[in-house]
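J.: Curious how this folds, go ahead:
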Amino acid sequence: MPQALDPDVGTALALWGLSAESCRFVAGRENRVYRVATPEGDFALRLRRPGYRQQDELQSELAWLAAMGRAGLQVPQPRPSRHGRLLERLGDGFVDLVDWLPGTAMGQSRVPLALPDAPAAFRALGAEMARLHAACDAWAPPHGFRRCPWDADGLLGEAPVWGRFWDNPTLPPVTRALLTQFRAQARDHLARAALDTGLIHADLVRENVLLDGPPHSPIIRMIDFDDGGFGYRLFDLATVLLKNLSEPDYPALRAALIAGYHSRRPLDLALLDLFLALRAATYVGWIVPRLHEEGGTARNARFIAQAQDLCGAWLNSASQS
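T.: Presented below is the predicted three-dimensional model:
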């Protein structure tokens, strides 16, 4: 049964001169997203979750998307409302309208990949990530631009972007001690390393990567920049790789992603395994306010197990180097 439209959808659509007759709900995690069909094409109406992002952060995201579109990247383009604004206030929150991009998601979380040529897709994704990073470096953000910080403090400081993973209340004492040790040693490594930083997508999971065109040379489109911000470029690669660790051909996919990236842009990979562990740890913090949600307990257990394995392996490796 189709999900009923949010009562604010009609009001939101009217801001863009649209109606709810051809609108359907498609996703509802941090934002509630609706697909709107119009004679001019399809759009994504996003009702932004009140309190999750501040107005200046949302406006910065839209300016960033517009700039990346001008640079030739295939990312959602924001559409101005009837009042000429890219972001409109709606009740206690905000709403925007962006292009609905064609293509098929690379896959679904925890479902085995079913791609006709997975290495080709990962090579293309690596190259497009490099293009994104280069375009971000070439762009001068406007005054007041603000996005979340995926830097050392944003990952390991007192108030990380996705929460204090070492304080997850369900951690067994041994795991808490391991993650606390990992946090301290990871901070030390990051402080001593000269790493490539800048604007990053920060959430290139399978659902946020759209594939189009021939399987052996696919077009890559990236969506959902909601968590994008300033951080380490290795964090973007680690996010992709973390979600594919269980694939039987993971070594080939990792090699293809890296080769694609290096075909466009250099990147020092010496700390890539550290960033895989860091990325796994972020989910242990992210799940804490969502433990009560359906499936939250099972997800929490998976996140903790993966972080324990990856952080423990990195600590062992670091102690031997």
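J.: Next, count neighbours for Arg82.
T.: If you count neighbours by other C-beta atoms under 10 Å, Arg82 ends up with 11. Quick note: C-beta positions are derived from backbone N, CA and C, even for glycine.
J.: Quick one: classify it as helix, strand or coil.
T.: With DSSP: H, G, I helix; E, B strand; the rest coil as the basis, Arg82 sits in coil.
J.: where does the stretch 101-250 of the chain have low pLDDT?
T.: Counting by pLDDT under 70, the stretch 101-250 of the chain shows no low-confidence range.
J.: how about the helices of it, start to end?
T.: Taking DSSP state H, counting those that start in this stretch as the criterion, the stretch 101-250 of the chain carries its helices at 118-138, 152-156, 173-192, 233-242, 250-262.
J.: show me where the stretch 201-321 of the chain has strands.
T.: 209-212, 219-222, 229-232 (DSSP state E, counting those that start in this stretch).
J.: Make JSON lines from those strands and add mean neighbour count and distance to Gly296 to it.
T.: Formatted as JSON lines, the strands of the stretch 201-321 of the chain follow (neighbours: other C-beta atoms under 10 Å; distance: least, C-beta to C-beta, whole Å):
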{"stretch": "strand 209-212", "mean neighbour count": "20", "distance to Gly296": "25"}
{"stretch": "strand 219-222", "mean neighbour count": "20", "distance to Gly296": "27"}
{"stretch": "strand 229-232", "mean neighbour count": "22", "distance to Gly296": "25"}
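J.: I'd say Asp212 and Pro102 touch.
T.: Yes. Between Asp212 and Pro102 there is a contact under C-beta atoms under 8 Å: 5.7 Å.
J.: Quick check: neighbours shared by the two?
T.: Arg221 (C-beta atoms under 8 Å, 6 or more residues apart in numbering).
J.: Could you work out which of the strands of the stretch 201-321 of the chain reaches nearest to Ala313?
T.: Evaluated with C-beta to C-beta, the strands of the stretch 201-321 of the chain place strand 229-232 nearest to Ala313, the distance being 19.5 Å.
J.: Strand partners (parallel or antiparallel) of that closest one?
T.: Strand 229-232 pairs in its sheet with strand 148-150 (parallel), strand 197-200 (antiparallel), by DSSP bridges.
J.: Export those to a markdown table and append columns for mean neighbour count and distance to Arg32.
T.: Formatted as a markdown table, these follow (neighbours: other C-beta under 10 Å; distance: least, C-beta to C-beta, whole Å):
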| stretch | mean neighbour count | distance to Arg32 |
| --- | --- | --- |
| strand 148-150 | 19 | 20 |
| strand 197-200 | 21 | 25 |
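J.: between the strands of the stretch 201-321 of the chain, which gets nearest to Ile200?
T.: Among those, the nearest to Ile200 by C-beta to C-beta is strand 229-232 (4.9 Å).
J.: What would that closest one look like as CSV? C-alpha coordinates only.
T.: The C-alpha trace of strand 229-232 is given here as CSV (Å, rounded to 0.1, in the frame of the first residue of the first chain):
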residue,chain,number,x,y,z
GLY,A,229,31.6,18.5,4.5
PHE,A,230,35.3,19.2,5.0
GLY,A,231,37.4,16.2,5.8
TYR,A,232,40.0,13.6,4.7
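J.: and Tyr283, which of the helices of the stretch 101-250 of the chain is closest to it?
T.: Nearest of the helices of the stretch 101-250 of the chain (C-beta to C-beta): helix 233-242, 8.6 Å.
J.: and for the closest one, what are the contacting residues?
T.: With C-beta under 8 Å, 6+ apart as the test, helix 233-242 has contacts from 122, 125-126, 129, 133, 150, 155, 195-198, 200-205, 209, 250, 253-254, 257-258, 261, 267, 269, 271-272, 275-276, 278-280, 306.
J.: Give the buried residues for it.
T.: By neighbour count with 16 or more other C-beta atoms under 10 Å, helix 233-242 contains the buried residues 233-242.
J.: about what we covered before: from the helices of the stretch 101-250 of the chain, which stretch is densest packed?
T.: Among the helices of the stretch 101-250 of the chain, judged by mean count of other C-beta atoms under 10 Å, the one packed with the most neighbours on average is helix 233-242 (a mean of 24).
J.: Quickly note the distance from the residue lying closest to Leu272 once chain neighbours are set aside to Ala270.
T.: Closest residue in space to Leu272, ignoring its immediate chain neighbours: Leu234 at 5.8 Å, by C-beta to C-beta, 6 or more residues apart in numbering. Computed as C-beta to C-beta, to the nearest Å, the Leu234 to Ala270 distance reads 9 Å.
J.: His42: what secondary structure?
T.: To be clear, residue 42 is Asp; His isn't right here. What three-state DSSP gives for Asp42 is strand.
J.: who does it bridge with?
T.: Asp42 forms beta bridges with Ala37, as assigned by DSSP bridges.
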